[in-house]
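*Asks:* Using only what follows, build the 3D model:
(chains A and B)
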Amino acid sequence: MMREETLIYEISRPGRVGCALSDLDVPATEIRNELQEKYIRERLPLPEVSEPDVVRHFTRLSQRQFSIDTNFYPLGSCTMKYNPKVNERIAGSPGFAMLHPLQPEETCQGALALMYELERYLAEIAGMEAVTLQPAAGAQGELTGIMMIKAYHRSKGDDGRKVILVPDSAHGTNPATAARSGYQVRKVPSNARGTVDLDALRELVGPDVAGMMLTNPNTLGLFEEDVIEICETVHEAGGLMYCDGANMNAILGRSRPGDMGFDVMHFNLHKTFSTPHGGGGPGAGPVAAKEFLRPFLPVPVMDNIDQEYRLNYDIPLSIGRMHSFYGNFLVMVRAYAYIRSLGAQGMLEVSESAVLNANYLMAKLREVYHVPYDNLCMHEFVASAKEHKKRGVRAMDIAKRLLDFGFHAPTIYFPLIVEEALMIEPTETESKETLDAFIEAMIEIDRESKEAPEMVTNSPHETTVRRVDEATAARRLNLRCVGE
Amino acid sequence: MKDLSSRSKLSYLPLTDADRALMLKTIGVPDTDALFEQIPKEARLGRPPDLPAGMAEQDVVSICEGIAARNRHLADLTCFLGAGAYDHYVPAVVESIVSRSEFATTYTPYQPEASQGVLQSIYEYQSLICALTEMEVSNASLYDAATAIGEAAVMAYSVTGRSRVLVSKAVHPHYRQVLRTYVSGLDMQVEEIDYSEGVTSAGLLPARLSEDAACVIVQYPNFFGCVEPLAPLTEAAHSVGALMIVCVDPIALGLLTPPGAFGADIVVGEGQALGVNIGFGGPYLGLFACRMEHVWHIPGRIVGATVDAEGRRSYTLTLQTREQHIRREKATSNICTNQALVALAATVYLSALGKNGLSHVAELCFQKAHYARDAIAERDGFSLPWPAPFFKEFVVKSEKPVSEINRKLLDNGIIGGLDLGQYYPELKNHVLICVTEKRTKEEIDRMVELL
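*Replies:* Numbering: from 1, shown residues only, chains lettered A, B, ... in the order given. Here you go, the predicted model:
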């Protein structure tokens, strides 16, 4: 059993410092002559630790952590694919990492060219024309896209559209984004196949609908087969179609949201384009849009005039600025390197392997786990532990038990329309051997659920801590420690 | 059939042809095309995407190095430009820790038993940010300072039920632009408060305040580098029940009294200065801290300490019923992915520098900036427009256009200060100069000589 890791404050001792700093090389001025007494800080309760203390502390913390580089990570809708090392090397180059965002444009033509080319690549993959790289994450991409839809309607003098349609299988960010943009959310039910109920949609659209947000493939891992009719239905009512691009990995290079009828979408560079997720960011959520939405892109936009790149702020109908500068540039550099590495053919191989891996897992696991939507899947599928629940074993327990086998858990209890959901996305970078080992673990857990359910319900047993008491965390808030 | 030469480029894809054949057989389909039949024909691209061909690793490196070589970077140029992005020294220990792939290649810590490393580091981050700002609760990070201000304004709206946002004109112009975008869909109004003599006018503020004001937003030090009079500004905001939102430079808090000590309700800030690459503007780090009484209104992730089934101290994401994946359209924010790895960099930075190091860095910045200011003030054709106290950035008025000065500096390998006339028409020929601890006396003297 591993012991608790001490907190950085607990190893603090007065007088230590963890980085050697320069001496002052200019004549000193008396601070009190420049600043009023009450603006001069009295106490600074930060820890005092040496450099070896810092390194050992954080290295030990890193060892209490699952990651792609250490574990299979089939977290549905998160596309936890391998993050190529060469991308890290490139992003660390001083020619990218040591640029000031406001340095003269003539001194950063390489950075601007890279952004411009990445925009072109993403436009091609989206089947749309206009791209902004500014959004810092998928949810911010959604906010950007929905604000563009709002600005579009407003530019037509149409202020009466107050509703965004969101399927009941959608990511939580979709309704949250619509609300944050000042829209009401109207839920669209799924049909028995797990896709949007077209008849219900026809009842729900109308002159009050600004648009619809749709993830395709959806969160069940199913391609929305009626997507063209869905887009037509919303368009006929005057609404626009937003594509949540979280699941682009399934259709990379094969099918484009723009061709399906979507007007605007976001990408997650930290999912589809292999940039590391960092334990919850930084990501990047570029937005692509059809030509008629270009006037509403956030500022600045990239201009290319005879291979001279510049940032253009003169966009009268722009929704405004979304980021302090231009977005998560070093994430863009990694995604650019990834696209250049794989190329056109590589994109096709990515989606092919991602879908093949998911279907293989589904075919094998269907023998022991209930799979409510029994079609072929795309890059992920949803199993249900509802049969296991009858034995007292829930999706949560299966997730925790998987950790003992060295596998990260699938996404659980999502999408909301599946009882005891286990949403599994293997990605294309996993070998058949890894998938087989995962299948064996799932079969073993199923067996345990019948023969020794407490082995599952008391899990995990092998992790750095046992089951964490989340209820106590929320009831007795302890959100920081306090130093001297 | 693909030949070996194309497959050999795909080192990230482990399936062999033999694997594929076996897997297709298990699935019960003849080929992989069958797996994509659920895509209607009209929605298929039907041709390869129009992208460059893939290439070997060494060729990607060489192409990208070629692009990087078209940039002039701060390892070669001497930078006196700040304005929200700072050339501070990044200790090697920070890079070493954040490049550990256990941290870099993991997801948001949804399964606490598999994520104690990230969760504890975020708990420590929250502790350090609270200590630095003298606030009671910090979230796990937002995208950057601009979006943190936007989120703070929306939070003030939900806490107070009031819709008027007052923001100082001495707040970074980009942050004010993002603020306007962020509240544009909601029933909120943004109004700007003038500055006078380089700081937000504490005299003008009361006249603009009334019972419908949700918040007052200032920056500390402000965009001009000046130290805002937080005491009277906070008092004025509180006198009408508005929340005081202060956007900080965390390095400055090594020397300046933190906003919490003046009664600020929400402290936001740009964390890039805390050991994060300047990186052409991102990824950066949005700091966000507030009072415990408002904890249920906070946007974004929060980590709490708790125990495991055997009573051991452990950590988990908490207060998740505020968040989009539970609360959906009623969430406090739509944010999901934030800037966790950047927050880790800040955590390592604040730990390594600690109490003594951070105040030392702050004092170096302060002293060198004052040395530079005094040296410039002695040059003919330059004057200081305002007497306000400042930290590491200051404004100088020049008789020459700023573009002319900066052209000469750039020709000599120096990036000059920001031309304020771009953002403030009344500040034509005013330049905002930044001096961090990285600038040596020699570099400062050389820059001043070239003016």
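
*Asks:* mind listing what residue A:208 touches?
*Replies:* Each residue near residue A:208 by Cβ atoms under 8 Å, 6 or more residues apart in numbering or on different chains is listed here: A:160, A:161, A:162, A:163. Bear in mind the C-beta positions are built from the backbone N, C-alpha and C, glycine included.

*Asks:* now do residue B:434
*Replies:* Contacts of residue B:434 (Cβ under 8 Å, 6+ apart): B:79, B:80, B:81, B:82, B:83, B:86, B:87, B:225, B:369, B:392, B:393, B:417.

*Asks:* and the first one, what does it touch?
*Replies:* Okay, so that is residue B:79. A:100, A:103, B:87, B:414, B:415, B:434.

*Asks:* Now tabulate the contacts of residue B:434 in JSON lines and tack on secondary structure and pLDDT.
*Replies:* Output for the contacts of residue B:434, formatted as JSON lines (DSSP: H, G, I helix; E, B strand; the rest coil; pLDDT from 0 to 100):
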{"residue": "B:79", "secondary structure": "strand", "pLDDT": "98"}
{"residue": "B:80", "secondary structure": "coil", "pLDDT": "98"}
{"residue": "B:81", "secondary structure": "coil", "pLDDT": "98"}
{"residue": "B:82", "secondary structure": "coil", "pLDDT": "98"}
{"residue": "B:83", "secondary structure": "coil", "pLDDT": "98"}
{"residue": "B:86", "secondary structure": "coil", "pLDDT": "98"}
{"residue": "B:87", "secondary structure": "coil", "pLDDT": "98"}
{"residue": "B:225", "secondary structure": "coil", "pLDDT": "98"}
{"residue": "B:369", "secondary structure": "helix", "pLDDT": "98"}
{"residue": "B:392", "secondary structure": "coil", "pLDDT": "98"}
{"residue": "B:393", "secondary structure": "strand", "pLDDT": "98"}
{"residue": "B:417", "secondary structure": "coil", "pLDDT": "98"}
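
*Asks:* Adding distance to residue B:330, write those out as JSON lines.
*Replies:* Formatted as JSON lines, the contacts of residue B:434 follow (distance: Cβ to Cβ, whole Å):
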{"residue": "B:79", "distance to residue B:330": "45"}
{"residue": "B:80", "distance to residue B:330": "47"}
{"residue": "B:81", "distance to residue B:330": "43"}
{"residue": "B:82", "distance to residue B:330": "39"}
{"residue": "B:83", "distance to residue B:330": "37"}
{"residue": "B:86", "distance to residue B:330": "38"}
{"residue": "B:87", "distance to residue B:330": "42"}
{"residue": "B:225", "distance to residue B:330": "41"}
{"residue": "B:369", "distance to residue B:330": "46"}
{"residue": "B:392", "distance to residue B:330": "42"}
{"residue": "B:393", "distance to residue B:330": "41"}
{"residue": "B:417", "distance to residue B:330": "45"}
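
*Asks:* coming back round to it: mind checking which of the contacts of residue A:208 land in strands?
*Replies:* residue A:163 (DSSP state E).

*Asks:* how about the strands in the stretch 251-400 of chain B?
*Replies:* Here the stretch 251-400 of chain B has its strands, by DSSP state E, counting those that start in this stretch, at B:266-270, B:286-290, B:303-307, B:313-317, B:382-383, B:393-398.

*Asks:* which residues of chain B score low on pLDDT?
*Replies:* For chain B, the stretches flagged by pLDDT under 70 are B:1-9.

*Asks:* As a check, name the ranges of all helices in it.
*Replies:* Secondary structure of chain B (DSSP state H): helices at B:4-7, B:17-27, B:57-68, B:92-98, B:101-104, B:116-133, B:145-160, B:173-183, B:205-208, B:230-239, B:324-327, B:340-377, B:402-411, B:441-450.

*Asks:* which residues are contacting the last one?
*Replies:* The one in question is helix B:441-450. Against helix B:441-450 from outside (Cβ under 8 Å, 6+ apart): A:25-26, B:78, B:80, B:368, B:371-372, B:375-376, B:379, B:408-409, B:412, B:414, B:416, B:435.

*Asks:* Let's see that with 6 Å instead.
*Replies:* In this structure, residues lying in contact with helix B:441-450 by Cβ atoms under 6 Å, 6 or more residues apart in numbering or on different chains are A:25, A:26, B:78, B:80, B:372, B:375, B:376, B:408, B:409, B:412, B:414.

*Asks:* Tell me who's in contact with residue A:178.
*Replies:* A:164, A:185.

*Asks:* Quick check: phi and psi on it?
*Replies:* The phi/psi pair for residue A:178 (degrees, to the nearest 10) reads phi -60, psi -40.

*Asks:* circling back: report the two of the contacts of residue A:208 separated the most.
*Replies:* Farthest-apart pair in those is A:160 and A:163; separation 10.1 Å (Cβ to Cβ).

*Asks:* neighbour-wise, which of the two wins?
*Replies:* residue A:163 (20 against 10; other Cβ atoms under 10 Å in any protein chain shown).
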